[in-house]
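>>> need coordinates for the following:
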Amino acid sequence: MDSPKSTGEELGIVTGITRDSIRIGGSPVIANNDGLTFISRNGESKGLKVNKVTEGIIYPDKMNDIFVGARIFRNYDHSFQMELSRKTAERKIPVSMSLLPAPDGFILRATQGDQAWDYSVKMEKITANDPAKSRENILRQLAKAGDTPFLVREINTGGNERFFFTSQQLNEMRRGLLEQIHTARTLKSSQKDKQNSRTRKSNSSPFPVDSLHFENNITNRLAVQFYRRHGVENPDLGVEKSQPTGRLQVMITRHCLQHELGFCQRYGGNFPSHLSLPFSLQDGTNHFELEFDCRNCLMKVFLETSGRSLDRGQGDEKRE
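Coordinates of the predicted model:
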């Protein structure tokens, strides 16, 4: 209520203060560089940056008028942000490669399950002076899948280490083969997406509810067609396209007037005996009734209408 921005995760109450440190009750786990917030005595939202934490004692960059009894929140979790910034586990497509002889050169074959792809290269066959080094070079160069979505798990040289290969030749074969696999898989995926799209267009699975009201903002024919196809026979149109009547819920907000006036018992307030619910608001033309959902800390605003449309602009017939 006292801050336009998210206050974050509640950590506890300040139980002790020194010249340059604070202690929070409940021993919450706090890390260096965490960002903390609290509401000052005059109702202003203030922040602290954690420089150091030692045995539960927090040393912030500044005290910023912190006081015993202040409710502390964390709106920046440094450990969590570092976890998000780390490189996550990568999913690679495993392939096996085999080097095969061809009449005018060599073939590099990749297999995955029952699928196989070949990439041919015309080149002169030159006997290697050192087959062991030739084999080592073949394995090293063909295994370099780099930033591609593939992982080369197995390489079968097929005895072709008896021939000499330059690193450039092996790299060309590997790149060409992996590009060929990637193109084939992309085409297959595209064809599958088209098939799924045709399936989705004919889909008529039941919608979870059988009635929709103006709050769902249905303002064009495509949306109406969608809901009817899924079993909602007469969905209500949004207020831009209809003139709803009766008691309409026009707003749900966390800005609660009971809290603002100091009446919220959840936060230590007292509801005055000379007042009674429901509360209402007036803007000179409209009469709004307020309903308080204290369990979920929400305030709901209702408008009593008599069939007149609400001026909220025109709907876009071209947008679903």
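>>> what sits against residue 193?
Residues near residue 193 by CB atoms under 8 Å, 6 or more residues apart in numbering: none. Glycine gets a C-beta too; all of them are placed from N, C-alpha and C.
>>> assign a three-state SS to it, would you?
Here residue 193 is recorded as helix under DSSP: H, G, I helix; E, B strand; the rest coil.
>>> measure it to residue 226 for me?
20 Å (CB to CB, to the nearest Å).
>>> what does residue 100 give?
From residue 100 across to residue 226, the span is 54 Å (CB to CB).
>>> tell me where the stretch 1-150 of the chain has helices.
Counting by DSSP state H, counting those that start in this stretch, the stretch 1-150 of the chain has helices at residues 78-85, 131-142.
>>> give me the contacts around the longest one.
Residues from elsewhere that reach helix 131-142 (CB under 8 Å, 6+ apart): 97, 99, 108, 128, 152, 155, 157, 160-165, 167, 170-171, 173-174.
>>> okay, now the unreliable bits of the stretch 1-150 of the chain?
1-2, 4, 89 (pLDDT under 70).
>>> for the residue nearest the centre of the chain, what are its contacts?
The C-alpha lying nearest the average C-alpha coordinate of the chain belongs to residue 84 (CA atoms, centre = their mean; 11.4 Å). Contacts of residue 84 were listed using CB under 8 Å, 6+ apart, and none were found.
>>> ditto for residue 237
Applying CB under 8 Å, 6+ apart, the residues contacting residue 237 are 214, 218-219, 224.
>>> got it, and residue 64?
So residue 64 contacts 40, 46-48 (CB under 8 Å, 6+ apart).
>>> what about it, distance to residue 223?
Relative to residue 223, and taking CB to CB, residue 64 is found at 49 Å.
>>> check residue 132 too.
69 Å.
>>> looking at these two, which is more packed in?
Shown here are residue 132 and residue 223; by other CB atoms under 10 Å, residue 223 has more neighbours (19 against 9).
>>> need the strands for the stretch 151-300 of the chain, in chain order.
Under the criterion DSSP state E, counting those that start in this stretch, strands of the stretch 151-300 of the chain are mapped to 245-253, 280-282, 287-293, 298-306.
>>> would you list those in TSV and tack on distance to residue 72?
Converted to TSV, the strands of the stretch 151-300 of the chain look like this (distance: least, CB to CB, whole Å):
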stretch	distance to residue 72
strand 245-253	25
strand 280-282	34
strand 287-293	26
strand 298-306	24
